[in-house]
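K.L.:
Make a model of this:
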Amino acid sequence: MSTEMTMPGPRTRPGMRGGLKVRAAVGAALLVARLRPDRLRRLLTLVGRGARPAPYETALAAYESVVATSRRCAGWYGCLPRSVAVALLCRMSGTWPTWHAGVRAAPPFAPHAWVQAEDRIVGEGAQPEEYRPLITVPPRSEG
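P.N.:
Now for the predicted structure:
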């Protein structure tokens, strides 16, 4: 027996639409998410270099676009490609959220990847204290 699942529809936000950019970010994220952690961190650091810190609203619009576009990214186990896709989509607009990979702070100690903007976790009902980052890629200026 199977259970029917319905994904939430995208909310309309100015400046962020579905389309080629979102699909490109999701496709690239699905490939990049297969890299070893050290290479993933190095690549994201390189891609994010020189970007302005992402405003929360920009990162949230990117999150909603990614989740509306990709079932894999919207699923329970899609946190790594979802977080990478959100970061890449933000980068296409010249900004970069703080990207994290880590674990839950309390049992069950499950791995998780997420993005933060303006010190808030984007698109999830969690607080930053609920996770322990092991890898962090913040926005950095080239200076």
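K.L.:
is it true that residue 99 touches residue 44?
P.N.:
Yes: using Cβ atoms under 8 Å, residue 99 makes contact with residue 44 at a distance of 5.7 Å. C-beta here means a position set from N, CA and C on the backbone, and glycine is covered the same way.
K.L.:
Identify the contacts common to these two.
P.N.:
84, 87, 137 (Cβ atoms under 8 Å, 6 or more residues apart in numbering).
K.L.:
Does the second one touch residue 44 like I think?
P.N.:
Yes: under the criterion of Cβ under 8 Å, residue 87 makes contact with residue 44 at 6.5 Å.
K.L.:
of those two, who's got more company?
P.N.:
Neighbour count, other Cβ atoms under 10 Å: between residue 87 and residue 44, residue 87 has more, with 30 against 23.
K.L.:
and stretch 44-57, how far out from the chain's middle?
P.N.:
12 Å (Cα atoms, centre = their mean, to the nearest Å).
K.L.:
er, stretch 71-82 I mean
P.N.:
Remark: stretch 71-82 is offset 9 Å from the chain centroid, using Cα atoms, centre = their mean.
K.L.:
how about the CA coordinates for that stretch, as PDB?
P.N.:
The C-alpha trace of stretch 71-82 is given here as PDB (Å, rounded to 0.1, in the frame of the first residue of the first chain):
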ATOM      1  CA  ARG A  71      10.900  16.300  -4.900                       C
ATOM      2  CA  ARG A  72      14.300  14.900  -3.900                       C
ATOM      3  CA  CYS A  73      15.300  18.200  -2.300                       C
ATOM      4  CA  ALA A  74      12.000  18.500  -0.600                       C
ATOM      5  CA  GLY A  75      12.100  15.100   1.000                       C
ATOM      6  CA  TRP A  76      13.300  14.000   4.400                       C
ATOM      7  CA  TYR A  77      16.700  12.900   3.200                       C
ATOM      8  CA  GLY A  78      17.200  15.800   0.700                       C
ATOM      9  CA  CYS A  79      18.800  18.200   3.200                       C
ATOM     10  CA  LEU A  80      22.300  18.100   1.600                       C
ATOM     11  CA  PRO A  81      21.300  18.800  -2.000                       C
ATOM     12  CA  ARG A  82      18.600  21.200  -0.800                       C
END
